[in-house]
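Peer 1: Would you be able to build a 3D model of this:
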Amino acid sequence: MMDPLCKRCRTIGEKLFLKGEKCYTPKCPLVRRGVALHGKNKKRAYTTPYGRQLLEKQKAKLIYDIRERQFHRYYEMAYQKKGSTPEILAKILESRFDNIIYRAGFALNRHNAKQLVTHGFFYLNGRKHNIPSTLLKPNDVITINPNYINKEPIKNIRELLKKSKPPKFLQVDPEKLEIKVVGEPNLEELETNINFPAIVEFYSK
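Peer 2: Below you'll find the predicted structure:
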């Protein structure tokens, strides 16, 4: 049976790298089973400008593991701010609590990061916080919940950090297992494969 995360890639018709490092290796189930390109036939439905915009929106929702209502709310937040709406939308998504856990190297993928946050494995600014959608800002600090410091998922974090390279807007202390937000996400550094202007065009109609 195919992993639910792999099914998302198959639905879109391209690899979304939802399982982290494993997606870059021959162990990727889509590559191993020879079904990575099955979804390409579905892309025929996305040949119109509207279809391509819809595809980008669906990709972003699957990558960040967000439902439509919440995603649309992020668009409205971005639209109301001064500046480039596509860039602001991307920064909002990258500022989510669960995404920062993933970007810092504390989880293999965003889905795993969301689970850890939901189950209370982290503190935000000294207090237990279990809401993955919380938008973090500069000077916010994430630490490990002391009650879970010796639990299996946390014990594995130090090994994950040896392989990770956190983005510059995050300061990670591998000894204290602490994450500090020190700036705003740099989209060029993060290299997302999402066409955010197309998403804004989709919602602005």
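Peer 1: ranges for the helices of this structure?
Peer 2: Remark: helices assigned in the chain by DSSP state H are 4-12, 29-32, 49-64, 68-80, 85-94, 97-103, 110-118, 152-155, 157-163, 187-190, 196-203.
Peer 1: Mean neighbour count and mean pLDDT added to those helices, as TSV?
Peer 2: All C-beta atoms are positioned from the backbone trio N, CA, C, and that covers glycine. Output for those, formatted as TSV (neighbours: other C-beta atoms under 10 Å; pLDDT from 0 to 100):
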stretch	mean neighbour count	mean pLDDT
helix 4-12	19	59
helix 29-32	16	56
helix 49-64	19	91
helix 68-80	14	97
helix 85-94	21	96
helix 97-103	24	97
helix 110-118	20	94
helix 152-155	12	82
helix 157-163	13	85
helix 187-190	11	86
helix 196-203	20	96
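Peer 1: And the protein, what are its domain boundaries?
Peer 2: In terms of domains, the chain is parsed into 4-93+193-203, 96-183 (source: automatic domain parsing).
Peer 1: residue farthest from the centroid of the protein?
Peer 2: In the chain, the greatest distance from the average C-alpha position (C-alpha atoms, centre = their mean) is reached by residue 48, at 27.2 Å.
Peer 1: neighbours around residue 175, how many?
Peer 2: Counted with other C-beta atoms under 10 Å, the neighbours of residue 175 add up to 7.
Peer 1: Who are the contact partners of it?
Peer 2: Contacts here follow C-beta atoms under 8 Å, 6 or more residues apart in numbering; on that basis residue 175 touches nothing.
Peer 1: Now it: phi and psi?
Peer 2: In terms of degrees, to the nearest 10, the main-chain angles of residue 175 are phi -80, psi -50.
Peer 1: Show the contacting residues for the residue nearest to residue 54 when sequence neighbours are not counted.
Peer 2: Using C-beta to C-beta, 6 or more residues apart in numbering and skipping the chain neighbours, the partner closest in space to residue 54 is residue 202 (6.2 Å). Taking C-beta under 8 Å, 6+ apart as the criterion, residue 202 is in contact with 50, 53-54, 56-57.
Peer 1: now do residue 124
Peer 2: Remark: with contacts taken as C-beta under 8 Å, 6+ apart, residue 124 is in contact with 97, 134, 136, 140-142.
Peer 1: Identify the bridge partners of it.
Peer 2: On the basis of DSSP bridges, residue 124 takes part in beta bridges with residue 127, residue 142.
Peer 1: Could you do residue 181 as well?
Peer 2: With DSSP bridges as the rule, residue 181 is bridged to residue 170.
Peer 1: right, and it touches residue 135 too?
Peer 2: No. Under the criterion of C-beta atoms under 8 Å, residue 181 makes no contact with residue 135, lying 10.4 Å away.
Peer 1: Look at the two and report which has more neighbours.
Peer 2: Counted by other C-beta under 10 Å, residue 181 and residue 135 do not tie: residue 181 has more neighbours, with 19 against 16.
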